[in-house]
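Engineer: Turn this into a structure:
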Amino acid sequence: MSIATIQQHCETIEVNLATGPDIKDITEKLSACVVRSRITEGTISVFMTGSTGSLTTIEYEPGVISDLKQAISRLAPPGLSYSHEQAWHDGNGHSHVQAAVMGPSITLPVRFGRLRLGTWQQVVAINHDNRPRKRNIEVTIIGRTAAPGIV
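Structural biologist: Numbering: from 1, shown residues only. Have a look, this model is predicted:
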């Protein structure tokens, strides 16, 4: 017989990103968080702080990464007139729009103590800003775990 309890595990991971759009695979960092949490069944919620960064899943291979960067740049191209830049003159109005459309968070299933992703699916962090950024990513894992020594 198994005795399960609901647990919550929180931590912050950091990722250094170059001038945007820059895309980094954070799947292994998130998988390590799941292992440290000892949660076997539940969800992992991941949130990037800052208004010019986003998270998504993708097949992390050079062709798809290049395609995604091009699509992001077409979505809200740098060099256009953005109201944000009229107020702040920082040249990153496009960065805010790109990040808002893509979204700052993602929720994934945890099954059998592991992230449940497709074979060719990785979690990526994206910097849209017009300068390099160190991004903090807040991770919250909630779910059940078997009591120690009981299976």
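Engineer: for the residue nearest to the spatial centre of the chain, what are its contacts?
Structural biologist: The structure's the chain has its C-alpha centroid closest to Leu55; by CA atoms, centre = their mean the separation is 3.4 Å. In this structure, Leu55 makes contact with 46-48, 102-106, 123-126, 137, judged by CB atoms under 8 Å, 6 or more residues apart in numbering. The way it works is simple: take the backbone N, C-alpha and C, and place the C-beta from them, glycine included.
Engineer: 6 Å - rerun?
Structural biologist: Counting by CB atoms under 6 Å, 6 or more residues apart in numbering, Leu55 touches 46, 48, 106, 125.
Engineer: Tell me which helix or strand the nearest residue to it once chain neighbours are set aside sits in.
Structural biologist: Leaving out its chain neighbours, the residue that sits closest to Leu55 by CB to CB, 6 or more residues apart in numbering is Ile106, at 4.6 Å. In this assignment (DSSP states H and E), Ile106 forms part of strand 105-111.
Engineer: Just list what that strand packs against, helices and strands only.
Structural biologist: Contact analysis of strand 105-111 by 3 or more CB pairs under 6 Å, 6 or more residues apart in numbering; DSSP states H and E lists strand 41-48 as its packing neighbours.
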